[in-house]
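> Sharing a sequence plus its predicted fold:
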4 protein chains.
Amino acid sequence: MKSRKTPKQSRSKVTVEAILQATTHILLKEGIQALTTNHVADRAGVSIGSLYQYFPNKESLVAELIEQHVQKEINSMTAVIEEWQGAINEDFFRKFIQVFIQVHLDEIELTQLLHLQVNSLECRDVLRKASLLFQQITASILAKSLNLNEKSRLIQTKAFIVTNTVDSLVQTALVEDASMLSEAIFIDELVQLVCHIFNQSGEA
Amino acid sequence: MKSRKTPKQSRSKVTVEAILQATTHILLKEGIQALTTNHVADRAGVSIGSLYQYFPNKESLVAELIEQHVQKEINSMTAVIEEWQGAINEDFFRKFIQVFIQVHLDEIELTQLLHLQVNSLECRDVLRKASLLFQQITASILAKSLNLNEKSRLIQTKAFIVTNTVDSLVQTALVEDASMLSEAIFIDELVQLVCHIFNQSGEA
Amino acid sequence: MKSRKTPKQSRSKVTVEAILQATTHILLKEGIQALTTNHVADRAGVSIGSLYQYFPNKESLVAELIEQHVQKEINSMTAVIEEWQGAINEDFFRKFIQVFIQVHLDEIELTQLLHLQVNSLECRDVLRKASLLFQQITASILAKSLNLNEKSRLIQTKAFIVTNTVDSLVQTALVEDASMLSEAIFIDELVQLVCHIFNQSGEA
Amino acid sequence: MKSRKTPKQSRSKVTVEAILQATTHILLKEGIQALTTNHVADRAGVSIGSLYQYFPNKESLVAELIEQHVQKEINSMTAVIEEWQGAINEDFFRKFIQVFIQVHLDEIELTQLLHLQVNSLECRDVLRKASLLFQQITASILAKSLNLNEKSRLIQTKAFIVTNTVDSLVQTALVEDASMLSEAIFIDELVQLVCHIFNQSGEA
DNA sequence: AATGAATGAGGCTTCATTCAT
DNA sequence: AATGAATGAAGCCTCATTCAT
């Protein structure tokens, strides 16, 4: 279920790029119900036959988009972690959350759609993988912070909670009231939440 | 977008019930992509014509299911709040979260589907309304607890965070690893989280 | 293909009347595509079962309406003929045409619909029968006027032409520009036309 | 409401042609109630999908047929007028009527159906436009003949009468007794009628 | 006589995908 | 490599009609 061909010639790259842009455009401007392969090909200025030369089916269009989006997310977040020199404290969490929000705001509409409208198992899997990756990164930071085993149920639970809390709050805010994401009150609360989870050793 | 007829004879109540059960069954066992009106009618042992006498279109099947589900959720949660005699403390939050989890576990698979696979705006609206209701209830409890104005941005933000955190953590746990929902560790963390948000006055 | 029962009790007459009125109303206000048996029954305040007790099928509803309409037409026109004391001259034709137009104007909208939208063979047959009846009446008047055999091809052709010319001109005027029907110019032309056909002996 | 695609390859021209022929065939042999898109596609030896590539809906099939038919009609009649060198006299009218009848006889059955069975507003509009075009052409000839203003109510009324009389008489004859159309008696009467209307200046 | 729930054939249309050119 | 015509399974829904109550 991956692209039939990996475009090697620049002509092909242009085609693939046009198809993905058309997909994005339709998703954004017309909604997922307008996302038909013929429509995408049309908008991309490409024949339907060409579309199927690079994408084995409709799903793979959206999957590719998600994959690219998730990759950006991962890159941004791992960069923050790797570049961070100081201690794992409130400052770090604030920085982390700010970048996380920024990544989502950068592609605000597409993100919303991908999260709200994408059902297919394949696509969900891509999203889930990213989630798990974050969760493990968080677990390892937590383990160091609390001086506990990374694989312990407590650490895993905390990692699960932190990861999903931040993710879903940002997601929901994006859909319900995106302005929240720019407010200090919202960010402060999120940072407090994360700090709280990180600081208590679990016996509280 | 409402039922065409309100069944008057007992015969038709049976029909409507059969249709809703078939809808649930298909959603659960075959996924939303298998939810076609003909398939539902088939499984319900009812003619397609009968289905359309009580449901104006495919959407309304799922809408009805969601409405019923949301109603159960609301009933259970408001009951907890109304019956609670003591103070708004950790015990209350624990009780609240336990019931909340229980409500979701009761219809575990359906809940998953409804939250994961339902796209239609109409359905989303029903879910959103329930969300907002909870958020306002939470806001009013918070306002009393912290002795602040219920409409203040801080209270609203806190209510948004608490509500969505609990909701989405339970949802995600349901999908990813339902066993979590029965573990003390998970519940404790959640309770801690909520307590933390309730206890800090926002300047922390 | 006639009514299953002939209503004998007054209760039944009321029902039948209600059904026909509902049919007329829907035809007039909503168009023929809205003419469904269930809709008619609804509007008549009668159960669909009752409708089928008096009308064997949907067609028969419209057929009955047409039959009644045609009967009125025939009654009016034969009355004119029978009551006419003088010679068959321009005055007679004028009178005849005026009454003919009046009959159509009386039920202007229904007439339009019946002529424009009714396709079914059964209905067409009723209309055709009326046409032929007029044609034969006209032929007999013509035969006397011109002192020729009523069955001769010339008389039949003239009768056909007169009958259909008047009928179709009135019909078309009704649809395209009903105001014409009240204008002296229009009526005069029609009268001239008819006079012309009646007066020439065919060798012109 | 126009063809989705204009066929570019010759292959598709064949397809479109087959579809239109199938439409005609079904209309002719089975009646408009048998004119379903699937049936047309079947008879055309084409997939239902292909039909919908060239015709946006069922209506457009009939619309296309009518448009083509009306175009032929207009072409033939304007040719007669343009090629006529002599005066506007009985000979001209005879020629005109003969060609008019011939055009209808050429596609005798289709013409019948189109005029009898076609309800849709869109289709009626196409037919009406053709009617009005003829009426205006007639009005202009009449105006010259009688030396009156083309836009005067008298001329317009006469044009309306001539046009519709000829048209509806030919139509009806076609349905009721097509043999009439070949008889001198019928044609003579029609010519007389038209001459009569053209010759009187309106005050007769 | 009346009711209205139930029926189901069949209509229209979409759209992912294939394949001959 | 690209094109775009062709495919057809399958979806949604309507509505004339029947029949148990």
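Now that the structure is in, tell me what you want to look at.
> Quick one: residues contacting the residue in chain A positioned nearest to chain D.
Closest to chain D within chain A is A:Asn38: 10.2 Å, counting by C-beta to the nearest C-beta. C-betas here are computed from N, CA, C, even on glycine. The contact partners of A:Asn38, by C-beta atoms under 8 Å, 6 or more residues apart in numbering or on different chains, come to A:Ile48.
> Report the separation between it and A:Ala22.
Distance, A:Asn38 to A:Ala22, by C-beta to C-beta, to the nearest Å: 11 Å.
> hmm, stretch A:101-118 in reach of DNA strand E?
No. With C-beta under 7 Å from any atom of the strand as the criterion, DNA strand E is not reached by stretch A:101-118; the gap is at least 13.5 Å.
> Name the surrounding residues that touch that stretch.
With contacts defined as C-beta under 8 Å, 6+ apart, stretch A:101-118 is touched by A:24, A:27-28, A:31-32, A:62, A:65-66, A:69, A:72-73, A:76-77, A:123-124, A:127, A:170-171, A:174-175, A:178, A:181, A:187, B:119, B:124.
> Show me which of these are buried.
The neighbour count (16 or more other C-beta atoms under 10 Å in any protein chain shown) marks A:24, A:27, A:62, A:65-66, A:69, A:73, A:77, A:123, A:127, A:170-171, A:174, A:181, A:187, B:119 as buried among the contacts of stretch A:101-118.
> Now compare those residues and name the two farthest from each other.
A:Val62 and A:Ile187 (30.7 Å; C-beta to C-beta).
> For the residue positioned nearest the centre of chain A, identify the helix or strand it belongs to.
Using C-alpha atoms, centre = their mean, the residue of chain A that lies closest to the mean C-alpha position is A:Val70, 4.2 Å off. Here A:Val70 is covered by helix A:58-83, with elements defined by DSSP states H and E.
> Could you list every helix and strand in contact with that helix?
Contacting helix A:58-83 under the criterion 3 or more C-beta pairs under 8 Å, 6 or more residues apart in numbering or on different chains; DSSP states H and E are the following elements: helix A:10-30, helix A:37-44, helix A:90-106, helix A:108-117, helix A:121-146.
> Format the ones you listed as a markdown table; extra columns: distance to DNA strand F and mean pLDDT.
Shown next, in a markdown table, are the helices and strands packed on helix A:58-83 (distance: least, C-beta to the nearest atom of the strand, whole Å; pLDDT from 0 to 100):
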| stretch | distance to DNA strand F | mean pLDDT |
| --- | --- | --- |
| helix A:10-30 | 5 | 89 |
| helix A:37-44 | 7 | 96 |
| helix A:90-106 | 31 | 87 |
| helix A:108-117 | 17 | 70 |
| helix A:121-146 | 17 | 82 |
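> mind putting those in a markdown table, distance to D:Arg43 included?
Shown next, in a markdown table, are these (distance: least, C-beta to C-beta, whole Å):
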| stretch | distance to D:Arg43 |
| --- | --- |
| helix A:10-30 | 36 |
| helix A:37-44 | 26 |
| helix A:90-106 | 56 |
| helix A:108-117 | 41 |
| helix A:121-146 | 41 |
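> among these, which is nearest D:Ile97?
Per C-beta to C-beta, nearest to D:Ile97 of these: helix A:37-44, 51.0 Å.
> Neighbours of the residue in chain A positioned nearest to chain B, how many?
Nearest residue of chain A to chain B: A:Ser168, at 3.4 Å (C-beta to the nearest C-beta). Using other C-beta atoms under 10 Å in any protein chain shown, the number of residues around A:Ser168 comes to 18.
> residues touching the spatially closest residue to it that is not a sequence neighbour, list them.
Of all residues not flanking A:Ser168 in the chain, B:Ser168 sits nearest, at 3.4 Å (C-beta to C-beta, 6 or more residues apart in numbering or on different chains). Residues near B:Ser168 by C-beta under 8 Å, 6+ apart: A:164-165, A:168-169, A:172.
> I'd like to know which of these are part of strands.
Among the contacts of B:Ser168, DSSP state E puts none in strands.
> Looking at those, which are in helices?
Using DSSP state H, the members of those that fall within helices are A:164-165, A:168-169, A:172.
> Whichever of those count as buried, I'd like them selected in ChimeraX; how would that read?
Command for ChimeraX that selects the buried part of these, burial taken from 16+ other C-beta under 10 Å:
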select /A:164,165,168,169,172
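> Next one: the residue of chain A found nearest chain C from B:Glu30, what distance?
Here chain A gets closest to chain C at one residue, A:Gln33, 27.1 Å apart by C-beta to the nearest C-beta. Using C-beta to C-beta, A:Gln33 is found at 21 Å from B:Glu30.
> do the same with A:Asn199
On the measure of C-beta to C-beta, A:Asn199 and B:Glu30 end up 46 Å apart.
> now A:Val40
A:Val40 is 28 Å from B:Glu30, by C-beta to C-beta.
> Compare neighbour counts for those two and give me the winner.
A:Val40 (26 against 12).
> which residues touch the closest residue in space to that one that isn't next to it in sequence?
Using C-beta to C-beta, 6+ apart and skipping the chain neighbours, the partner closest in space to A:Val40 is A:Ala22 (4.9 Å). By C-beta under 8 Å, 6+ apart, A:Ala22 lies in contact with A:40-44.
> now these in CSV, with distance to DNA strand E?
Listed next are the contacts of A:Ala22 as CSV, based on distance: C-beta to the nearest atom of the strand, whole Å:
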residue, distance to DNA strand E
A:Val40, 8
A:Ala41, 7
A:Asp42, 11
A:Arg43, 12
A:Ala44, 13
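> one step back: what values do phi and psi take at the residue of chain A closest to chain C?
A:Gln33 adopts backbone torsions of phi -70, psi -20, taken as degrees, to the nearest 10.
> Which of the residues in stretch A:148-162 are classified as buried?
In stretch A:148-162, counting by 16+ other C-beta under 10 Å, buried: A:148, A:152, A:154-162.
> Kindly apply the preceding question to stretch A:78-95 instead.
Along stretch A:78-95, these residues count as buried under the neighbour rule (16+ other C-beta under 10 Å): A:80-81, A:92-95.
> nearest to B:Val16, of the helices and strands packed on helix A:58-83?
Closest of those to B:Val16 is helix A:108-117, at 29.5 Å (criterion: C-beta to C-beta).
> What residues sit buried inside that closest one?
A:110-115.
> How much space separates A:Lys29 from A:Ala44?
14 Å.
> Looking at the two, which has the bigger crowd around it?
Between A:Lys29 and A:Ala44, A:Ala44 has the larger neighbour count (other C-beta under 10 Å), namely 23 against 10.
> ok, now which ones touch that one?
Per C-beta under 8 Å, 6+ apart, neighbours of A:Ala44: A:15, A:18-19, A:21-22, A:51.
> Determine which two of the residues you listed are furthest apart.
Farthest pair in the contacts of A:Ala44, by C-beta to C-beta: A:Gln21 and A:Leu51, 12.7 Å.
> ok, these two, which is more surrounded?
Neighbours were counted for A:Gln21 and for A:Leu51 using other C-beta under 10 Å; A:Leu51 has more, 24 against 14.
> got the contact list for the nearest residue to that one once chain neighbours are set aside?
Nearest non-adjacent residue to A:Leu51, counting by C-beta to C-beta, 6+ apart: A:Ala41, 4.5 Å away. By C-beta under 8 Å, 6+ apart, the residues touching A:Ala41 are A:19, A:22, A:47-48, A:50-51.
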